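>>> here is my input, please return the structure:
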Amino acid sequence: MDGLVDTHGAGGLRSAVVVNPAKLDDPDGLRRKINRMLAAAGWAPPIWLETTVADPGRGQTRQAVEAGVEVVLVCGGDGTIMSCVSELVGTDVALAILPCGTGNLLASNLGLSGDLTAAIEVAIGPGRRQVDVGAIEGRCFTVMAGMGFDAQLLKSTSESTKARIGWLAYLMGGARHLRDRPMRVTIRIDDQPPLRRRARTVLVANVGRLQGGVRLLAAAEPDDGFLDVAVLTPRTVGHWLSLGWAVLCRRTRVPRMEVFRGQRVEVTSNRAQPRELDGDVITPGRTLRVKVLPRALWLCVPQGARRMDRPWEALVRFRQADDMS
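Predicted structure coming up:
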């Protein structure tokens, strides 16, 4: 921990850049731009780490943390961000998002700009916020986990279509599965009695926006210590249309959707279902067990957006208070 304070006071902050090369059109230009802006801010030269198919970001982030950096700048989509988050949870190292994928749900939920220059300025600025993360099967997510239709939609949407038409590709993927049969699920939230539903999808969310900026869960906040659970039960195309229209119009009550809140959620289906984390499809299964880790991740945010102390500033203040006592 001493290294955090000493580095800040003697020659600039240390950082690492974790890059998904598959998402970059001009990697050399990106490197020059980041190096130039960090140097202008008085930061030390960053460590550069590229993800691979075998390791989409977790090992690289672990290497950065072990090297003693204060900020990890992640340039990739939601899958890259999710891999990095799993290593940053519980540390004093802050995450800075440099959006360059097709999803970037965490960035859009927190109002972070998709402009690279603006994103780097946020990373080197003073704004820091502690946010919750969800944990499932040894992995962490920042946006949401899901079982059923939402995961099937993601599985049916090709990367090439997303690259060509953006978030509209998800509508095309979802249209193929509107008439699929529902699943019978049992939902246990904290210590409450179990709920039984015939659902098309169950979402366990840390934030409320979906692809395309659609706000599904208006009350979901990333730092309230809770997860919001959306249970969608449409059975016909008409049900889907009325549900979607209510969501788009931001109505208080959405037909065929129930919302619950909790810190521990377990969803059990009568048969194996597609599942997803932060837009990445994971192994199908009959269960989805999720818990919240309150304020477990430091995140770089625009100045004034619920600004909190940077971790090393909080450490300095703690030590000063300890010395005075």
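
>>> how about low-confidence regions in the stretch 101-250 of the chain?
Scanning the stretch 101-250 of the chain for pLDDT under 70 picks out the ranges 101-103, 113, 158-175, 177, 211-212.

>>> residue boundaries of the strands in it?
Chain-ordered strands for the stretch 101-250 of the chain, with DSSP state E, counting those that start in this stretch as the definition, fall at 128-136, 139-141, 144-148, 183-189, 195-199, 201-205, 227-232.

>>> which other helices and strands does the shortest one contact?
Where contact means 3 or more C-beta pairs under 8 Å, 6 or more residues apart in numbering; DSSP states H and E, strand 139-141 is packed against helix 78-88, strand 128-136. All C-beta atoms are positioned from the backbone trio N, CA, C, and that covers glycine.

>>> to residue 150, which of those lies closest?
Closest to residue 150 of the helices and strands packed on strand 139-141, according to C-beta to C-beta: helix 78-88, at 13.4 Å.

>>> next one: that closest one to chain centre, how far?
Helix 78-88 sits 8 Å away from the centroid of its parent chain (C-alpha atoms, centre = their mean, to the nearest Å).

>>> in terms of residue numbering, what are the domains of the chain?
Domain segmentation of the chain under automatic domain parsing yields 2-127+301-324, 140-294.

>>> which residue is nearest the centroid of the chain?
In the chain, the residue lying closest to the centroid (C-alpha atoms, centre = their mean) is residue 142, at 3.1 Å.

>>> give the contact list for the closest residue to that one other than its chain neighbours.
For residue 142, ignoring the flanking residues on the chain, the nearest one in space by C-beta to C-beta, 6 or more residues apart in numbering is residue 106 at 4.7 Å. By C-beta atoms under 8 Å, 6 or more residues apart in numbering, the contact list for residue 106 reads 78, 81, 97, 112, 142-143, 207, 278.

>>> next one: residue 106 from residue 221, what distance?
According to C-beta to C-beta, to the nearest Å, residue 106 stands 13 Å off from residue 221.

>>> intersection of neighbour lists for the two?
Residues touching both residue 106 and residue 221 (C-beta under 8 Å, 6+ apart): residue 207.

>>> adjacent strands (with direction) for the lengthiest strand in the chain?
The single longest strand within the chain, with elements called by DSSP state E, is strand 280-300. Using DSSP bridges, the strands paired with strand 280-300 in its sheet are strand 94-99 (parallel), strand 128-136 (antiparallel), strand 264-277 (antiparallel).

>>> go through the shortest one and flag the buried ones.
Translated: strand 94-99. 94-99 (16 or more other C-beta atoms under 10 Å).

>>> before we move on, back to that, would TSV of the strands paired with strand 280-300 with distance to residue 251 be doable?
Formatted as TSV, the strands paired with strand 280-300 follow (distance: least, C-beta to C-beta, whole Å):
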stretch	distance to residue 251
strand 94-99	29
strand 128-136	26
strand 264-277	25
